[in-house]
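sequence and predicted structure, then a few things I'm wondering about:
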Amino acid sequence: KAGVTQTPRYLIKTRGQQVTLSCSPISGHRSVSWYQQTPGQGLQFLFEYFSETQRNKGNFPGRFSGRQFSNSRSEMNVSTLELGDSALYLCASSLASHLDEQFFGPGTRLTVL
Amino acid sequence: DQQVKQNSPSLSVQEGRISILNCDYTNSMFDYFLWYKKYPAEGPTFLISISSIKDKNEDGRFTVFLNKSAKHLSLHIVPSQPGDSAVYFCAASASFKTIFGAGTRLFVKA
């Protein structure tokens, strides 16, 4: 069974631009969660999607948004990028809920210049 | 407001000895706790978990202890191996979300 895949793996953008990250969950998994990892801050929860609906949301500004498609694939969008958005963005899939064991993708390393 | 805290950013242990990683949480609503391990350039992988109705869960070399009154959990690795060198995240879950700590980088010296 293929694992969670994320594209692209690396991305360099400049301030003010916008970016879209993609996540393909493990086949059969319907819950997709997104996390931001920065040094010293650990994994900060962005949002969780289930059946194309955002089910939970973390404390991030509205510049961070996401969506989930009918095949459970998910995208995350960040608009008006700021230098502080530079981070590793991780996607995790689970069967039905973030309370199930989560399987993480390798992440997308975003650098904002 | 960090609801899950790992106060030691790093820990160095000799091969064969015990590694103890600690984690504190503040919200008594958390009822499920997990540990994940992360190698560079890879996503975190699930290691071991514990429900709030238990105080200990063991899986091979890994044991997680939960002290609900102190809102504290710990991960014991014994014996530690060089391959255990990684960043370890603890996480606490409730119905609303899963919160991760900042991580502890474990170095196991051969």
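Right, received. Where do you want to start? Numbers count the residues shown, from 1 in each chain, chains lettered A, B, ... in the order given.

so, in contact with chain A or not, the helix or strand of chain B with the lowest mean pLDDT?
Lowest by mean pLDDT, DSSP states H and E among the helices and strands of chain B is strand B:98-100, with a mean of 87. Yes. Strand B:98-100 is in contact with chain A by CB under 8 Å from any CB of the partner chain, via B:98, B:99, B:100. All C-beta atoms are positioned from the backbone trio N, CA, C, and that covers glycine.

now the buried members of these.
In terms of neighbour count (16 or more other CB atoms under 10 Å in any protein chain shown), the buried residues within the residues of strand B:98-100 next to chain A are B:98, B:99, B:100.

pLDDT weak spots in the chain?
No chain specified, so I'll use chain A. A:1, A:98-99 (pLDDT under 70).

looking at chain B here, not the other one
Across chain B, the ranges flagged by pLDDT under 70 are B:1, B:96.

what parts of it come near chain A?
Within chain B, the positions adjacent to chain A are B:4, B:6, B:9, B:32, B:34, B:36, B:41-46, B:49, B:89, B:91, B:93, B:95-103 by CB under 8 Å from any CB.

same thing but at 10 Å, please
Chain B comes close to chain A at residues B:1-2, B:4-6, B:9, B:31-32, B:34, B:36, B:38, B:41-46, B:49, B:87, B:89-91, B:93-104, as judged by CB under 10 Å from any CB of the partner chain.
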